[in-house]
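Asks: The following block contains a protein sequence and its predicted model.
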Amino acid sequence: MSKRKIINDPVYDGFLAVDDFVILSVIEHPYFQRQRRIKQLGLTYLVYPGAMHTRFSHMLGALNLMGRALETLRMKEVEISDEECRAAKLAILLHDIGHGPFSHTSEHAIVDVHHETLTLLMMQRINAEMHGALDMAIEIFADRYPKHFLHQLVSSQLDMDRLDYLGRDSYFTGVSEGIVGTDRIISMLNVHDDELVVDEKGIYSVEKFIISRRLMYWQVYMHKTVIAADNVLLNILNRAREIHATERTSALHPFLDRFLTEEAFRTDPCLLDRFAELDDDDVMVAVKQWQHHHDATLRTLCRNLVERRLPAIRIGSEPMQLDPWKEYVGSELEPSFFVGTGVLRNRSYDFADHEIKVLYKDGRCLPIGEASDQLDRHFLEKQVTKYYMFYPKDGGGQDKV
């Protein structure tokens, strides 16, 4: 069967075309359609109002970049069959399908399972329904396929996921530091000894990509107000589980009633379907209901999030000691849900991951740390660690008597 869809995407100033029936069938699957209801950047919209874009748009954007990357490699006479092209596209399309509500914000708060594990379980379920159409895609995703460079296009330090989310998040937050030369980088991609590499003319674009990612982490992903909001949401979920407040929230009840592990998902197939129904709306409906809960701590946390009364937050280079809790928190509230500390770590490059390598015309292939005159190994391996403490601005925002 032939079928073609044209999708508008403002990030790439034009249309994304999808004309593969198998890929379109996956996009139409309920597991994938759920991504329309999950925000790419969680609660970041509380800081950057434009950050309302979804996992759905990001995954389609990554699919678009994968198609362009594969076309570039084939033009450079890298042997990639039509079947492998489809499989690589399916792998990148589904690479984040296992994310829960609000993406990374709720990771391990709703279920004690990494999103990549849930992604693989969902891919396997879709594959069974489609009679093995995703066999090769799953092999590529899990890095079990003989052509390792196809996996690197899906997951590495210069993959289509990162290229899309940096540009997309930059566009919707209005933070220009995330703008990278996506077209240039893709046109410079190549393969050497079954590894994804960059032709030497693309080295400056790669340098900017690495620096932009570091800047985006501090300015967007680890913005102090976003961290404060994330802690409020996590404490809401933790408090709801602690006091068994989920009896009236049928969507969340199976997950907050107890901590589910990977084994639970493997032994009870229905759980995966229930998880695949969860989205941001389910969480926010519960939060709005809990604004009227009899428990003062849960009620106050929820009202603070809905009304954007977020805690104050201090960030420094040394671990912080909590001030006496009663100084900040009302007497009716559990202090541990309103005062806390945490650690932020930002490393723009990971030597334990697939290194970005530069291919020279003379056949040499060097890691970016050796090829670049700007990003030496000392810069690349440096991890910046910061410590934070959050506490209420006004006694926790508790109910006024």
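Replies: Now that the structure is in, tell me what you want to look at.
Asks: Count the residues that sit near the nearest residue to Arg4 once chain neighbours are set aside.
Replies: For Arg4, ignoring the flanking residues on the chain, the nearest one in space by Cβ to Cβ, 6 or more residues apart in numbering is Asp19 at 4.2 Å. Yep, even glycine has a C-beta here, placed from its N, CA and C like the rest. The criterion is other Cβ atoms under 10 Å. On that basis, Asp19 has 11 neighbouring residues.
Asks: cool, Tyr48 as well?
Replies: Tyr48 - counted by other Cβ under 10 Å - has 19 other residues nearby.
Asks: pLDDT below threshold where in the protein?
Replies: Filtered on pLDDT under 70, the chain yields the residue ranges 1-2, 247-249, 323-328, 330, 395-401.
Asks: Domain ranges for it, per the record?
Replies: 5-94+134-219, 225-343+389-397 (automatic domain parsing).
Asks: from what I can see the residue nearest to Arg4 touches Lys3, true?
Replies: Yes: using Cβ atoms under 8 Å, Asp19 is in contact with Lys3, at 7.0 Å.
Asks: quick one on the thing from earlier: take the domains of the chain and write them to a markdown table, including distance to Lys361.
Replies: Listed next are the domains of the chain as a markdown table, based on distance: least, Cβ to Cβ, whole Å:
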| stretch | distance to Lys361 |
| --- | --- |
| domain 5-94+134-219 | 7 |
| domain 225-343+389-397 | 44 |
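Asks: Need the winner for burial among those domains.
Replies: domain 5-94+134-219 (a mean of 19; mean count of other Cβ atoms under 10 Å).
Asks: how long is that domain end to end?
Replies: Distance across domain 5-94+134-219, first residue to last, is 35 Å (Cα to Cα, to the nearest Å).
Asks: related to what we said a few turns ago, Pro367: which of the domains of the chain is closest?
Replies: Among these, the nearest to Pro367 by Cβ to Cβ is domain 5-94+134-219 (10.1 Å).
Asks: how distant is that closest one from the center of its chain?
Replies: 12 Å (Cα atoms, centre = their mean, to the nearest Å).
Asks: Going forward, count from 40.
Replies: With the count now opening at 40, the last piece we talked about shows up as domain 44-133+173-258.
Asks: what sits against the closest residue in space to Arg207 that isn't next to it in sequence?
Replies: Of all residues not flanking Arg207 in the chain, Val50 sits nearest, at 5.1 Å (Cβ to Cβ, 6+ apart). Val50 is in contact with 96, 100, 203, 206-207, 210, counting by Cβ atoms under 8 Å, 6 or more residues apart in numbering.
Asks: For those residues, which two are the farthest from each other?
Replies: Among the contacts of Val50, Ser96 and Gly206 lie farthest apart (Cβ to Cβ), at 11.7 Å.
Asks: This protein: strands as residue ranges?
Replies: 44-48, 53-57, 228-231, 234-238, 351-355, 379-385, 396-398, 404-406, 423-430 (DSSP state E).
Asks: Quick check: Phe298 vs Val326, distance?
Replies: Separation of Phe298 from Val326 (Cβ to Cβ, to the nearest Å) stands at 20 Å.
Asks: Then Trp257?
Replies: 28 Å.
Asks: quick check: longest helix of the protein.
Replies: Assignment by DSSP state H gives helix 94-114 as the longest helix of the chain.
Asks: got the angle between that helix and strand 53-57?
Replies: Orientation check (axes from the mean of the first three to the mean of the last three Cα atoms, to 10 degrees): helix 94-114 against strand 53-57 gives 80 degrees.
Asks: Show me what helix 94-114 is packed against.
Replies: Secondary-structure packing of helix 94-114 (3 or more Cβ pairs under 8 Å, 6 or more residues apart in numbering; DSSP states H and E): strand 44-48, strand 53-57, helix 69-72, helix 121-132, helix 187-193, helix 199-212, helix 221-226, strand 228-231.
Asks: And the residue lying closest to Thr264 once chain neighbours are set aside, how far from Arg201?
Replies: Once flanking residues are discounted, Thr264 sits nearest to Val86: 4.9 Å by Cβ to Cβ, 6+ apart. Taking Cβ to Cβ as the measure, Val86 and Arg201 are separated by 21 Å.
Asks: Repeat that for Met323.
Replies: For Met323, the distance to Arg201 - Cβ to Cβ - is 28 Å.
Asks: ok, now Met105?
Replies: 12 Å.
Asks: right, and Cys210 touches Pro49 too?
Replies: Residue 210: Tyr, not Cys. Yes: Tyr210 is in contact with Pro49 according to Cβ under 8 Å; the separation is 7.0 Å.
Asks: for stretch 417-426, which positions count as buried?
Replies: By neighbour count on 16 or more other Cβ atoms under 10 Å, the buried set for stretch 417-426 is 419, 425.
Asks: my bad, stretch 154-171
Replies: Applying 16+ other Cβ under 10 Å to stretch 154-171 flags 154, 157-162, 164-166 as buried.
Asks: Pick the one among these closest to Ser194.
Replies: Thr158 (10.8 Å).
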